[in-house]
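Student: Build me a model from this:
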Amino acid sequence: MRVAIITENFLPKLDGVTRTLARLLEHLQANGHQALLLGPESGMKEYAGAEVLGTAGVPLPFYPELRFNFFRPLFFRRLAEFDPDIIHLVDPVVLGATGVAAAHFLKKPLVSSYHTNLAAYCEYFGFSQLAQPTWQYSRFLHSQCALTFCPSPSTAAILRAQGFENLRVWPRGADTTQFQPEERSQARRAEWLSKREQPEHKVILLYVGRVSWEKNLRLLVRAYRAMDHEQCHLVIVGGGPALDEMQQELRDIPVTFTGYLRGAELAEAYASADVFAFPSITETFGQVVLEAMASGLPVAGLLAEGVCDLVTDEKTGLLLDTRHLNEEQQTVAYRHNLTRLVQQRQTRARMSQAAQAEAHQRGWHEAMELLLNGYREVIGIPTMRELLVA
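Tutor: Sure thing, here's the model as predicted:
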């Protein structure tokens, strides 16, 4: 197949969307397909055998790490020359909207994938008046596509309630050869702690992700401040607009900020921790949650979109239902869950094994083949299963 991808977001920015796209391009190359990617300027000309063309953009007012990207005339010309079998819009906003027009003009089949709940971000950052128009606009763009792929059953349910149609779940996978408990490093644990502390005596709480308040990090800050810091130590992996403020708020208690990590360093960070503290309520999947589980970490999370599809309460972690709790009650309850995982070694061990087992059921190859079978269905190419049945 010849697959053209039009995306609002790509490397070198590191998040779940860009890492999934990188995996998709690698899977397409490994299986003999050709790809073209049109997106924001990345400094790249090629990735995994796919030509990459970039364009300029303007930052979103409430989420500056995402941009309104402009469709260049070169994009249309290159699309026509590439002559794709299918065009895939990734989180369409502005670039994706022009991609809809281009696909219709070129008479090419069109699918989309939904990754980011921009309407929820509007509400979180104080632009609640934009939430409903954002839903309407997103629904319109995705309705132009034969299929809309979303990362999790909980996200599919939310989209269905908002009037989205032709939905398919396209899950994510975990690289269990990279993320595994065997990457644990006592040297890394000692590096995180002060010289007077023994790494084997401290329980390491780990957060990995964008350091921004829409990740509900204020809940983690409030809960951790009230915990016994003789027993535990918080490590924050990542960067973002709230980093300086969060460092200031936690300046007088034990915490380590590592900045962005990737590859072997990220795998070592996961495995060297003991509990994954992830309070986000704005995930459509939660890639870092699955990586943490593959690394043997029980998850202290919230009963929220995306995360609830990965973590089973009392089995692979603890999920807090905050729907009927005020801020103070949420803080007390989340601190209780964190403290329980800190103090109950046997509970952590039991959940660690269950988390690894769950992560091993979610492979990247199977996830990508679900997407490619959707491509084949829209194009009219029989899948391998259909050929075997025939």
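Student: Enumerate the positions of stretch 5-25 that are buried.
Tutor: Of all the residues in stretch 5-25, those buried under the rule 16 or more other C-beta atoms under 10 Å are 5-11, 14-21, 23-25. Placement of C-beta: from N, CA and C, glycine included.
Student: Secondary structure element holding residue 291?
Tutor: Assigned by DSSP states H and E, residue 291 falls within helix 287-294.
Student: Which ones among the buried residues of stretch 5-25 lie within strands?
Tutor: Filtering the buried residues of stretch 5-25 for membership in strands, criterion DSSP state E, returns 5, 6, 7.
Student: quick one: pLDDT of residue 124?
Tutor: Listed pLDDT for residue 124 reads 70.
Student: Neighbours of it, how many?
Tutor: Neighbourhood size, residue 124 [other C-beta atoms under 10 Å]: 20.
Student: residue contacts, the closest residue in space to it that isn't next to it in sequence?
Tutor: With C-beta to C-beta, 6 or more residues apart in numbering as the criterion, residue 124 has its nearest non-adjacent residue at 4.5 Å, and that residue is residue 214. Residues near residue 214 by C-beta atoms under 8 Å, 6 or more residues apart in numbering: 120, 121, 124, 125, 282.
Student: now residue 36
Tutor: With C-beta under 8 Å, 6+ apart, residue 36 has these contacts: 2, 3, 4, 5, 50, 51, 53, 78, 79, 82, 84.
Student: wait, isn't the last one in contact with residue 107?
Tutor: No - judged on C-beta atoms under 8 Å, residue 84 makes no contact with residue 107 at a distance of 11.2 Å.
Student: on that earlier part again, among the contacts of residue 36, name the ones in helices.
Tutor: Using DSSP state H, the subset of the contacts of residue 36 located in helices is 78, 79, 82.
Student: Stretch 178-187: how far from the chain's middle?
Tutor: 22 Å (C-alpha atoms, centre = their mean, to the nearest Å).
Student: Mind listing what's buried along it?
Tutor: Neighbour count says stretch 178-187 has 179, 180, 181, 183, 184 buried, by 16+ other C-beta under 10 Å.
Student: Tell me the predicted confidence for residue 94.
Tutor: 88.
Student: ok, back up a step: comparing residue 84 and residue 107, which shows the higher neighbour count?
Tutor: Applying other C-beta under 10 Å to residue 84 and residue 107 shows that residue 84 carries more neighbours, namely 21 against 6.
Student: can you pull the contacts of that one?
Tutor: Residue 84 makes contact with 2, 3, 4, 36, 108, according to C-beta under 8 Å, 6+ apart.
Student: List the beta-bridge partners for the first one.
Tutor: Here residue 2 shows beta-bridge partners residue 34, assigned using DSSP bridges.
Student: contacting residues for it?
Tutor: 33, 34, 35, 36, 82, 83, 84, 85, 86.
Student: Can you tell me how far it is from residue 87?
Tutor: Distance, residue 2 to residue 87, using C-beta to C-beta, to the nearest Å: 10 Å.
Student: which residues do those two both contact?
Tutor: With contacts defined as C-beta under 8 Å, 6+ apart, no residue is shared by residue 2 and residue 87.
Student: Show me how the chain divides into domains.
Tutor: 2-173+363-389, 181-359 (automatic domain parsing).
Student: Quick check: mean pLDDT of the last one?
Tutor: To tie it back to what came earlier, the one meant is domain 181-359. If you average the pLDDT over domain 181-359, you get 94.
Student: hmm, back to that, tell me which entries of the buried residues of stretch 178-187 lie within helices.
Tutor: Checked against DSSP H, the buried residues of stretch 178-187 include nothing in helices.
Student: Let's have those in JSON lines, adding distance to residue 71.
Tutor: What follows is the buried residues of stretch 178-187, written out as JSON lines (distance: C-beta to C-beta, whole Å):
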{"residue": "179", "distance to residue 71": "37"}
{"residue": "180", "distance to residue 71": "42"}
{"residue": "181", "distance to residue 71": "46"}
{"residue": "183", "distance to residue 71": "42"}
{"residue": "184", "distance to residue 71": "47"}
